[in-house]
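Asker: Sequence and predicted structure below; questions after.
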Amino acid sequence: MAEPQVPSRLGVEPGALSRGKELDDQVPLGEKRSSAVSPQLPRDLHDRIGQMVFVGFRGLTAQEAEPTLKQIEAGSIGAVVLYDFDAQTGESRNIQSPRQLCELVTAVKAAGSIPPLVTIDAEGGQFQELQPRHGFAQTATAREVGLRNERAYTRFNAEVIAEMLAEAGIDMNLAPVVDLLNPANPIATRAGRCYSSDPEVVISAAREFILTHRARGVLTAIKHFPGMRGIAQRHLPGVGPSVEDWSGDELEPFRALISEGLADAVLTTRDRYPLLDPDYPACLSKKIVAGLLRSELGHDGVVISDPMEMREIWNVFGLAKGAVMAVNAGIDLVLACNLSSDVPYSDDRADEVIQALTDAVASGEVEESRINEACGRILTLKARLPHA
């Protein structure tokens, strides 16, 4: 299959897609370059914390999304996530057509002096916010890609996804899933979200996915750290599900992609892993985020939490405490997706997170240096985007 001749938005020549680690000197790699870049941090603590706030919102147009655009203008939001369907209203949320989506993204980016990172879930197949019913291309699932295990097909499918995101102006794909396949686990494997049970197949497919997105100027986030092959057992009242059968080989895809400089960001899960930390969900755990992901695996880039509205966090810790715990664990972007069927939608979610973190800094519960570190990582990542 001939190399695609599509201009890159991140400065990567299309022909470099086949060169693996040779991209080290060409691709602006978040982890490897972050220590060499010193972004100018906002002067106000509010604005630095605002860069760490990652929210979902309602609105197909700038007018409908006005509350969120005002928060972006005020420096209260650093990233947004777009969704096709609103679980609470049963209506379209942010996506109706390619043209509408592009106009909405343009308005979102123009709202703030520091444009928010615009993200979406676009793994492929059913788990894809850009669906054919709205005029977008049909794509294969990760499982279909993994079963074929053909580089040309893997790249072609990733190209289709990445090009749709690039045309809409979307900055980051919250994909690929690098969890190892377990047919008995309905959570991680539903809708064909996992490539394979073989770590090498997962690594190879994820590598092509990431490089193809980079060639279109789109960042990616590998997930769900530290792996969701195991089955979460809901037998711990008041503390959420626990994954009892996690094993170290689930780290192999994360370890490989991080070592190759291919992890723009890592998205962590809300499940508990007693073998790693018996007390806290992964995205709230210092042992898992600061210890395993950062210290052991060497990821120095952006880390994203699971949504704070997940039962495992909301019902046990609440939004304010969950946000503080996440940041202290090493999370940079605190996600409040505003999509849960259990937690009412609120346009105030961003302000609630900012207040919680501001109070925590004032009380000494969160060090201001931790805020500066997270903000710096986020701004370094944003600096790689074509509009920066």
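Answerer: Cool, got the structure. Numbering: from 1, shown residues only.
Asker: Can you list the residue ranges for strands in the stretch 1-150 of the chain?
Answerer: With DSSP state E, counting those that start in this stretch, the ranges of strands along the stretch 1-150 of the chain come out as 53-56, 79-82, 117-120, 122-124, 127-128.
Asker: can you give me the offset of the fourth one from its chain's centre?
Answerer: A distance of 12 Å separates the centroid of the chain from that of strand 122-124, by CA atoms, centre = their mean, to the nearest Å.
Asker: what does it contact?
Answerer: The set of residues external to strand 122-124 that reach it, using CB atoms under 8 Å, 6 or more residues apart in numbering, is 128-130, 139-142, 144-145, 157, 161, 164-165, 173-177, 193. Where C-beta positions appear, they are placed from N, C-alpha and C, glycine not excepted.
Asker: and what of the last one?
Answerer: Counting by CB under 8 Å, 6+ apart, strand 127-128 makes contact with 121, 122, 139, 141, 161, 191, 192, 193, all of which sit outside it.
Asker: can you check the first one too?
Answerer: Under the contact criterion CB under 8 Å, 6+ apart, strand 53-56 has outside partners 68, 76-83, 93, 117, 119, 304-305, 333-339, 349-350, 353-354.
Asker: now do 7 Å
Answerer: Identification of contacts with strand 53-56 by CB atoms under 7 Å, 6 or more residues apart in numbering yields 76-81, 83, 304, 333-339, 349-350, 353-354.
Asker: ok, and for that strand, which residues are buried?
Answerer: Buried positions in strand 53-56, judged by neighbour count with 16 or more other CB atoms under 10 Å: 53, 54, 55, 56.
Asker: Return the distance of it from the chain's centre.
Answerer: On CA atoms, centre = their mean, the centre of strand 53-56 falls 11 Å from that of its chain.
Asker: same deal with the second one?
Answerer: Here strand 79-82 is found 9 Å from its chain centre; the criterion is CA atoms, centre = their mean.
Asker: Equivalent analysis for the last one, please.
Answerer: Computed by CA atoms, centre = their mean, the separation of strand 127-128 from the middle of its chain amounts to 14 Å.
Asker: from the contacts of strand 53-56, which ones fall inside helices?
Answerer: Judged by DSSP state H, the contacts of strand 53-56 include 349, 350, 353, 354 as members of helices.
Asker: Contacts only, for the second one.
Answerer: To tie it back to what came earlier, the one meant is residue 350. Shown here is residue 350, whose contacts under the criterion CB under 7 Å, 6+ apart are 53, 55, 71, 76, 77.
Asker: That one and residue 76: what is the separation?
Answerer: Distance, residue 350 to residue 76, by CB to CB, to the nearest Å: 5 Å.
Asker: same thing with the third one?
Answerer: When CB to CB is applied, the distance between residue 353 and residue 76 equals 9 Å.
Asker: From residue 122, how far off is the closest residue to residue 137 other than its chain neighbours?
Answerer: Leaving aside its sequence neighbours, residue 137 sits nearest to residue 160 (CB to CB, 6 or more residues apart in numbering; 5.2 Å). Note on residue 160: its distance to residue 122, by CB to CB, is 10 Å.
Asker: just to revisit the earlier point, now the buried members of the contacts of strand 53-56.
Answerer: The neighbour count (16+ other CB under 10 Å) marks 76-81, 83, 304, 333-339, 349-350, 353-354 as buried among the contacts of strand 53-56.
Asker: Flag the shaky bits of this protein, pLDDT-wise.
Answerer: Applying pLDDT under 70 to the chain flags residues 1-37, 187-189, 235-240, 388.
Asker: As a check, name the ranges of all helices in it.
Answerer: Using DSSP H, the helices assigned to the chain run over residues 30-34, 45-50, 66-73, 98-110, 142-148, 151-168, 186-189, 199-215, 252-259, 311-314, 319-329, 349-363, 368-382.
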